[in-house]
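>>> When you get a sec, could you give me coordinates for this:
(one chain, ligands or ions: 2)
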Amino acid sequence: MKKKIVIVEKNNINKFYKKINWLKLQRLIGYKIYISYNNEEYSGEEKKYPEEIEVLINILKILNASTKYERLNIVYDISCDYLDNEFRNKNLCGFKNDMCECNRNKPKDKQVYSCCTGTTTRILCDKFDKKLKTCKIKSISCKLFVCPYLRFQKKIKFPIKKIPYLHYFYIIF
Ligand code: SF4
Ligand code: SF4
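Ligands and ions are numbered 1, 2, ... in the order given. Now for the predicted structure:
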């Protein structure tokens, strides 16, 4: 397959994003997309790469997928992982003793553990794995949910433009 190589400069990584639409076209006409970073070439298949180009590597995986269906699945999976990492690594929900901050701030009779439990029904979603304390499925709509407490008290929001894979591949090509 013909190669299209984009040179990514260490001190100007963001310049790559401006080329994404053009790269989609190159892919459609049969090129495989590579980036050249620090004198190394990457196509998105590599297991090891510098941390600062992780988003670019994921974008290459999407661009170089062979079908629209495969591309859609990658966008879905990577976006879910991205949101999981944001919430988990930064503990945005402020979990302590298995209860989120929003619920800890409610009166005792209104508290549930998290938004995976219905506030009126008090039934825990059947997709929640109690042993592993995580969701058994990848539901992007759940992962995009930000409760009013986080939105208004902690000013946390996840509009599409903040998630690069959804922003650049909102319309799958
Ligand atoms: S989104 Fe809000 S209600 Fe849901 S777990 Fe996080 S802090 Fe709790
Ligand atoms: S699907 Fe998963 S994230 Fe969504 S409410 Fe159920 S357990 Fe929670």
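>>> Now residue 143: which helix or strand?
Using DSSP states H and E, residue 143 falls within helix 140-144.
>>> can you pull the buried residues of that helix?
residue 143 (16 or more other C-beta atoms under 10 Å). Where C-beta positions appear, they are placed from N, C-alpha and C, glycine not excepted.
>>> before we move on, what about stretch 93-105?
93, 94, 95, 99, 100, 101, 102, 103.
>>> Mind putting these into CSV with distance to ligand 1?
Output for the buried residues of stretch 93-105, formatted as CSV (distance: C-beta to the nearest ligand atom, whole Å):
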residue, distance to ligand 1
93, 3
94, 7
95, 8
99, 8
100, 3
101, 5
102, 4
103, 6
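>>> can I get the residues you listed in TSV with pLDDT and secondary structure?
Formatted as TSV, the buried residues of stretch 93-105 follow (pLDDT from 0 to 100; DSSP: H, G, I helix; E, B strand; the rest coil):
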residue	pLDDT	secondary structure
93	97	coil
94	96	coil
95	95	coil
99	95	strand
100	97	coil
101	97	helix
102	96	helix
103	96	helix
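>>> Just put those residues in JSON lines and tack on distance to residue 153.
Compiled in JSON lines, these are given as follows (distance: C-beta to C-beta, whole Å):
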{"residue": "93", "distance to residue 153": "12"}
{"residue": "94", "distance to residue 153": "10"}
{"residue": "95", "distance to residue 153": "16"}
{"residue": "99", "distance to residue 153": "16"}
{"residue": "100", "distance to residue 153": "12"}
{"residue": "101", "distance to residue 153": "9"}
{"residue": "102", "distance to residue 153": "8"}
{"residue": "103", "distance to residue 153": "13"}
